[in-house]
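# Predicted model and sequence follow; I will ask about them next.
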Amino acid sequence: MTKYCYELTLKVRDYECDLQGIVNNANYQHYLEHTRHEFLSSLGVSFAELHKQGVDPVVARINMAFKTPLTSGDEFISRLKIKKEGIKYVFYQDIYRKSDEKISLKAVVETVCVVNGKLGDSELFEQIFTPYFAQ
């Protein structure tokens with residue numbers, strides 16, 4: 001069993017689905033990003049305030065494996081854990097359909113920080129993320 005450090009429950013909205021009646025693949029990136037932003041918020045960090053301070057975390061790479069489609073009205077749980085690899089913060093994010101805990105999406109999101117216009121480490125992220133780094 002994977003040990004996650006954060007989870008967020010959401011619900012699929014009608015307009016997120018395509019003609020097949022399933023969530024369009026691009027919307028999963030929105031779910032993943034919203035989960036990361038809410039994780040930051042739960043730690044007392046505002047994404048907008050980070051930018052004002054010259055710290056811009058950005059996605060460098062994302063890999064998504066689609067497993068079981070979500071449909072309109074489905075509630076789902078977006079879970080994450082985080083690991084540090086060099087200057088990258090790697091988020092392992094999985095989405096489960098709430099009704100049966102069936103895996104819908106497995107994703108690996110590699111992020112980096114641009115600090116005052118230069119690629120680098122964020123002291124704040126080191127401080128707040130270290131207790132959550134996956135082993």
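Sure, I can see it.

# State the number of residues packed around the residue lying closest to residue 38 once chain neighbours are set aside.
Distances taken as C-beta to C-beta, 6 or more residues apart in numbering place residue 8 nearest to residue 38, at 5.2 Å, with adjacent residues excluded. C-betas here are computed from N, CA, C, even on glycine. If you count neighbours by other C-beta atoms under 10 Å, residue 8 ends up with 18.

# So the residue nearest to residue 129 when sequence neighbours are not counted versus residue 133, what's the distance?
Computed as C-beta to C-beta, 6+ apart, the closest residue to residue 129 that is not its neighbour in sequence is residue 82, at 5.8 Å. Residue 82 is 6 Å from residue 133, where distance means C-beta to C-beta, to the nearest Å.

# between these two, which one's more packed in?
residue 82 (22 against 14).

# ok, what's across the strand from residue 110?
Judged by DSSP bridges, the bridge partners of residue 110 are residue 61, residue 90.

# no wait, residue 103
residue 96.

# neighbouring contacts of the lengthiest helix in the chain?
The longest helix of the chain (DSSP state H) is helix 25-42. Helix 25-42 is contacted from outside by 5-6, 8, 10, 16, 46-47, 50, 59, 62, 64, 66, 76, 78-80, 91, 93, 95, 105, 107, 109, 111, using C-beta atoms under 8 Å, 6 or more residues apart in numbering.
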